[in-house]
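1. sharing a sequence plus its predicted fold:
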Amino acid sequence: MLNAEGRAAAALPAGHNEGFADTFKALYRAVYRAVSGDGPSQPDYPTFADGHESMLDCEAVARSARQGSWALVER
């Protein structure tokens with residue numbers, strides 16, 4: 001029922017619901033694979049840079065709410 005990529009990402013057999021905790025299992029599996037050298041050359045999980053970009057977006061949203069107008073994302 002699952003293709004190869006789905007089987008690699010799933011912790012349970014096809015047809016079973018995966019939830020909140022499984023998100024962290026998948027993340028840690030990807031990080032450990034990268035640390036061991038068995039992962040892809042580019043991270044397949046969110047990096048510090050991704051988190052930084054997200055925070056810049058959140059800061060712009062907060063600034064927009066305070067000002068009551070559009071705010072640019074400061075990069």
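-> Sure thing, it's come through. Numbering: from 1, shown residues only.
2. and the residue positioned nearest the centre of the chain, what element?
-> Most central in the chain under CA atoms, centre = their mean is residue 46, positioned 4.4 Å from the mean C-alpha point. Under DSSP states H and E, no helix or strand contains residue 46.
3. quick check: phi and psi on it?
-> Backbone geometry at residue 46, expressed as degrees, to the nearest 10, gives phi -60, psi 140.
4. in what helix or strand does residue 71 lie?
-> Counting by DSSP H and E, no helix or strand carries residue 71.
5. now do the contacts for it.
-> For residue 71, the contacting residues are 60, 61, 63, 64, by CB atoms under 8 Å, 6 or more residues apart in numbering. Placement of C-beta: from N, CA and C, glycine included.
6. so who does the residue nearest to the centre of the chain touch?
-> Residues near residue 46 by CB under 8 Å, 6+ apart: residue 27.
7. buried residues in the host helix or strand of residue 29, which are they?
-> Residue 29 is part of helix 20-36 when elements are defined by DSSP H and E. Of the residues in helix 20-36, 26, 30, 34 count as buried by neighbour count, 16 or more other CB atoms under 10 Å.
8. need those in CSV (columns: pLDDT and distance to residue 68).
-> Formatted as CSV, these follow (pLDDT from 0 to 100; distance: CB to CB, whole Å):
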residue, pLDDT, distance to residue 68
26, 87, 40
30, 92, 41
34, 93, 43
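9. chain center to the helix holding residue 29: distance?
-> Mean-position distance between helix 20-36 and its chain equals 10 Å (CA atoms, centre = their mean, to the nearest Å).
10. got the CA coordinates for the lowest-mean-pLDDT helix or strand in the chain in PDB?
-> The weakest-scoring helix or strand in the chain, judged by mean pLDDT, DSSP states H and E, is helix 4-9 (a mean of 83). Provided in PDB are the C-alpha atoms of helix 4-9 (Å, rounded to 0.1, in the frame of the first residue of the first chain):
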ATOM      1  CA  ALA A   4       9.200   2.900  -0.900                       C
ATOM      2  CA  GLU A   5       9.500   6.500   0.300                       C
ATOM      3  CA  GLY A   6       6.300   6.100   2.400                       C
ATOM      4  CA  ARG A   7       7.500   2.900   4.000                       C
ATOM      5  CA  ALA A   8      10.800   4.600   4.900                       C
ATOM      6  CA  ALA A   9       9.000   7.400   6.600                       C
END
